[in-house]
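just a sequence and a predicted model for now, questions to come.
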Amino acid sequence: MVPEESVGSVETRMQSASLALEELLVTAQKQHCLTVGIYESAKLLNADPDSVVLCVLATDDEEDVALQIHFTLLQSFCCDSSINILRVSGVQRLRQLLGGVDANQNQEEIGDLHCMLVTNLQVDHYRLQEVGMYCQESRLLDQWVPELVLQEREQLNLWRSDRYGN
């Protein structure tokens, strides 16, 4: 039996995992270990599923049925292949993070951010371990596809100020 966590503990764990995920995605993009887009992700999962270490499914409030069908299929494949999965909200934040690496990229060049796969990083990135631990802990709490909320930077700074008195 898992003891109930305090609300503050859960929020802190989720915030820490969110920050770890943001850093991990930027690092993976810089190392060319990030596949972006539902179609591109499906192709990679079909060709080389063993190279994938994390699947990120990004949604906002405006989900459509076709996207949900894609997500269901991707989640099923990842579960069968023992690939960690995260559902996140905050597509705009992802666009800021991943578009910020190359300011010359427009939105079409950044790609469809609804699905992203992280493949084996060139170095063992400690943030991957942190995100993996969050996924594992969530599964122990019967949350098979953990969810995170990525916050805009202004909201994040307000959260830190409230939390740590900065």
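Thanks, I have the structure now. Residues are numbered from 1 along each chain as shown.

list the contacts for residue 18?
Residues counted as contacts of residue 18 (CB atoms under 8 Å, 6 or more residues apart in numbering) are 88, 148-151. Any C-beta I mention is one placed from the backbone N, CA and C, and that applies to glycine too.

list the contacts of stretch 54-72.
21, 24-25, 38, 41, 74-75, 78, 83-92, 94, 113-118, 128, 131-132, 145.

how about 6 Å then?
The contact list for stretch 54-72 (CB atoms under 6 Å, 6 or more residues apart in numbering) reads 38, 78, 83-89, 91, 94, 113-118.

among those residues, name the ones in strands.
Counting by DSSP state E, the part of these found in strands is 84-89, 115-118.

now the residue nearest the centre of the chain: how far from residue 17?
With distances taken as CA atoms, centre = their mean, the residue of the chain nearest its centroid is residue 56 (4.0 Å). Plainly put, residue 56 is 12 Å away from residue 17 if you go by CB to CB, to the nearest Å.

quick revisit: ok, of the contacts of stretch 54-72, which come out buried?
For the contacts of stretch 54-72, a burial check counting by 16 or more other CB atoms under 10 Å picks out 38, 78, 83-86, 88-89, 91, 94, 113-118.
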